[in-house]
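>>> need a structure here:
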Amino acid sequence: MAKSSSSVQMTGISQLERDFQYEADANLWSLKAKAGAFTYSDGDQNENYLLSVIRAASDCSVMSDELTAAMKDWPSTYHLHHQRCNLFRPVVRHLKGPILEIGAGCGVLTRFLGEQGHQVFALEGSARRASIIGERCRDLENVSVINANFQDFQPETKFQTITLIGVLEYARLYFADGSESDPVDQMLRQVAGMLAPDGVLMVAIENQMGLKYFAGYPEDHLGKPMTGIEDHYTDNSVVTFGRQELSERLAAAGLTSQRFAYPVPDYKFPEAMLFEEAMSGPQAGHYAPLVAGAMASDRQKPNHLTFRLSKTIGPVMKNGMGADMANSFLAMSSASDAPFAAPEQSTAVYYGNGDRKKPYLKEISISEASGRLSVTRRTLTDQAPPEDAKLIQVLDDEPFVQGMLWGAALQDVLLKEKWTLGDLADWAVTWTNALKVKAGHAADTSVSVDTILEGSFLDAIPKNLIVARDGTAEFVDLEWHSQEPLKLGYVIVRGLSDALNSVELAAKSKEATDITSMIVDLCARMDFEMSREVVEEYLDREHWFQTQISNLPGRNKQLRFLHTQISHRSLNKFEKKRKNAKRLLHKLRHPFQSLAKRSGG
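Numbering: from 1, shown residues only. From the prediction side, this is the model:
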């Protein structure tokens, strides 16, 4: 559906009427003169799929269920998932119109900006990607899509907000003007000149010195580990920067007033956003479990890392290095001090798993006052749960409880060489004792697995238990309540299953490592004996629970194994076998090509 002619004329940029023509069918502005080619693409098949899906959708909003259902692979998920918008949600007060979005991609962030009610100009060099944005925003009269290269766009209007989201790193490839100065600096100077006096530039970019890249993650654009850290960038390649260099380049462009935010695991799919106080302040260590949990969900995590990020984050943040070693930045900068005169309302904002069903998405804010931390929770959407839902979501505010997350403590237990079932039982009894006490029993009392508990015990599992240094244990964030009473046995199986499936890596052991068997044996050792059939019944119930709240509940597999360590020698042998098998498969698929190589043809 095309916009009305009156709304087309009220764009606020006279250059559009002078140098551009409006294409009503595509809902975009294109240059009247021939423009230079823009070659960036996610592939014809992927982009054509996105265009067809969005054209067919009756709801193109950020939270569209139709678009959620259309996500089938990495490109479609990247361009359709509402979790991308977590980059802007914590800093929405800094978004003021008119907004210029440079390199708008396929419009997922454009749509979010448009839904805030501001006047938005989405600049995109690719004609097809601009068409996708035009379709995504076809019902938003406050959004104008401009198909042009950055160099061809020279508006007289000054913008209150300009965004460069995943764009600045490509400056040397797409924005060079032939002069000797670095295209990165050229672009920043030009963008700074387009800002209003108190306007804000938002730059999202990977950190060249991000902790995950030291752990072995490949450089996001070049695909090889250590490429960025070893500074293999060239004058005509993509490039990323560490925090200090990025800050200096922004300041050199006249944007001396700056505020950095730190999306985790990165700016592409943020589960959390932390500000300076949380990353490098005196209480930074208390935020480490939040960062570790968000990093564990990285959608691009490689199979093998040089060290465990979850254990490294704590020391990094306690030593004030969290900001410098963040995986990516959202750098906000201005020529004026006014935009950043007031502190942020929160020190950290956590969204959690973005694949939850829309009624159950949440936002958790952590704030500091007089040296104390407090936690505020709210739903992210106004969509109501189904009327026949058997689960209740409870989002209570509460003080921040300091201590060790007991679910995460299991990781240390399973990294001990030749760990035993007894080691696991020693860990688990701290939790089961806390469970007994919460249910009104003494910790040393024998309690039957058939004991009936209130529905509020559903989330009383290890990941929600905080254990202080003095051994005091307290449950927090009991988000999920059951409408029906629960058996203690189910809560125990649910807690052990969640903890064991969350383990990042386990050392070798003579114990059984399929998780169902581990739960059966561990329960017997702790005098909570249940047959395998009963445990499997409870695991089926747990899978049902996940299907109620998640769009991606995973497969209901009874046979799951711990992730165990592989020695470097075994890993090298495995890799050699994998490569040989790959070569053999190629020869079988392309026999004539192999013969041609042998004959020298």
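>>> For the rest of this, base every contact and every neighbour count on C-alpha atoms.
Noted.
>>> Run a quick neighbour tally on the nearest residue to residue 256 once chain neighbours are set aside.
For residue 256, the nearest residue in space outside its immediate sequence neighbours is residue 335; the separation is 5.7 Å by CA to CA, 6 or more residues apart in numbering. Residues lying near residue 335 (other CA atoms under 10 Å) number 22.
>>> again with residue 237
Around residue 237 there are 15 other residues, counting by other CA under 10 Å.
>>> ok, now which ones touch it?
For residue 237, the residues meeting the contact criterion (CA atoms under 8 Å, 6 or more residues apart in numbering) are 170, 172-173.
>>> got it, and residue 456?
For residue 456, the contacting residues are 478, 480-482, by CA under 8 Å, 6+ apart.
>>> tell me which element the closest residue to residue 395 other than its chain neighbours falls in.
By the measure of CA to CA, 6+ apart, the closest residue to residue 395 outside its immediate chain neighbours is residue 377, 5.4 Å from it. Element membership for residue 377 (DSSP states H and E) is strand 372-379.
>>> do the same with residue 190
helix 183-193.
>>> which residues make contact with that helix from outside it?
Among residues not part of helix 183-193, those counted as contacts by CA under 8 Å, 6+ apart are 162, 168-169, 171-172, 175-177, 201, 249-250, 253-255.
>>> buried subset of those residues?
Burial by neighbour count, 16 or more other CA atoms under 10 Å: within these this picks out 162, 168-169, 171-172, 175-176, 201, 249-250, 253-255.
>>> and the residues you listed, which of them are in strands?
For the buried ones among the contacts of helix 183-193, membership in strands holds for 162, 201, with DSSP state E as the criterion.
>>> Which member of the contacts of helix 183-193 is positioned nearest residue 442?
Comparing the contacts of helix 183-193 against residue 442 with CA to CA places residue 201 closest, at 57.9 Å.
>>> Could you find the closest non-adjacent residue to the closest one?
residue 162 (4.9 Å).
>>> Distance of the one you found relative to residue 332?
Summarising the geometry, the distance separating residue 162 from residue 332, computed by CA to CA, to the nearest Å, is 10 Å.
>>> so residue 519 makes contact with residue 493?
Yes - counting by CA atoms under 8 Å, residue 519 sits close enough to residue 493 to count as a contact (6.9 Å).
>>> what is in contact with those two at once?
Residues touching both residue 519 and residue 493 (CA under 8 Å, 6+ apart): residue 535.
>>> returning to what we had before: contact partners of the strand holding residue 377?
With CA under 8 Å, 6+ apart, strand 372-379 has contacts from 359-368, 395-400.
>>> Show me which of the residues you listed are buried.
When these are checked against 16+ other CA under 10 Å, the ones flagged as buried are 359-368, 395, 400.
>>> how about these, which pair is most distant?
Using CA to CA, the pair of the buried ones among the contacts of strand 372-379 lying farthest apart is 359 and 368, separated by 28.4 Å.
>>> now the helices for the stretch 351-500 of the chain?
With DSSP state H, counting those that start in this stretch as the definition, the stretch 351-500 of the chain shows helices at residue ranges 406-414, 421-438, 488-501.
>>> distance between the following helix or strand past the last one and the chain's centre?
Following helix 488-501 in sequence order, the next helix or strand is helix 515-525 (DSSP H and E). Using CA atoms, centre = their mean, to the nearest Å, we find the averaged C-alpha position of helix 515-525 to lie 33 Å away from the chain's own average C-alpha position.
>>> what bridges to the residue nearest to residue 395?
Here residue 377 shows beta-bridge partners residue 364, assigned using DSSP bridges.
>>> Name the residues contacting each of residue 162 and residue 332.
Listed as contacting both residue 162 and residue 332 by CA under 8 Å, 6+ apart are 200-202.
>>> Save those residues as TSV, and put in pLDDT too.
Output for the shared contacts of residue 162 and residue 332, formatted as TSV (pLDDT from 0 to 100):
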residue	pLDDT
200	98
201	98
202	98
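>>> Please tell me how far residue 165 sits from residue 209.
Taking CA to CA as the measure, residue 165 and residue 209 are separated by 19 Å.
>>> Could you do residue 283 as well?
Residue 283 is 23 Å from residue 209, by CA to CA.
>>> next one: stretch 148-157 to chain centre, how far?
Distance, stretch centre to chain centre, for stretch 148-157: 32 Å (CA atoms, centre = their mean).
>>> May I have it exported as CSV, CA atoms only?
The C-alpha trace of stretch 148-157 is given here as CSV (Å, rounded to 0.1, in the frame of the first residue of the first chain):
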residue,chain,number,x,y,z
ALA,A,148,21.2,6.2,-2.6
ASN,A,149,24.9,5.9,-1.6
PHE,A,150,26.0,8.0,1.3
GLN,A,151,28.2,10.1,-1.0
ASP,A,152,25.2,11.1,-3.1
PHE,A,153,23.1,12.2,-0.2
GLN,A,154,23.8,15.9,0.7
PRO,A,155,20.7,17.2,2.6
GLU,A,156,20.5,20.7,4.0
THR,A,157,18.5,19.4,7.0
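>>> Check which residues of it are buried.
By neighbour count with 16+ other CA under 10 Å, stretch 148-157 contains the buried residues 148-150, 153.
>>> just stretch 344-351 next, same as before
Along stretch 344-351, these residues count as buried under the neighbour rule (16+ other CA under 10 Å): 344, 346-351.
>>> now that stretch: mean pLDDT?
Confidence for stretch 344-351, expressed as mean pLDDT, is 92.
>>> got a list of contacts for that stretch?
The set of residues external to stretch 344-351 that reach it, using CA under 8 Å, 6+ apart, is 86, 90, 271-278, 290, 361-368.
>>> Would you mind measuring the gap between the ends of it?
Start to finish, the residues bounding stretch 344-351 are 17 Å apart (CA to CA).
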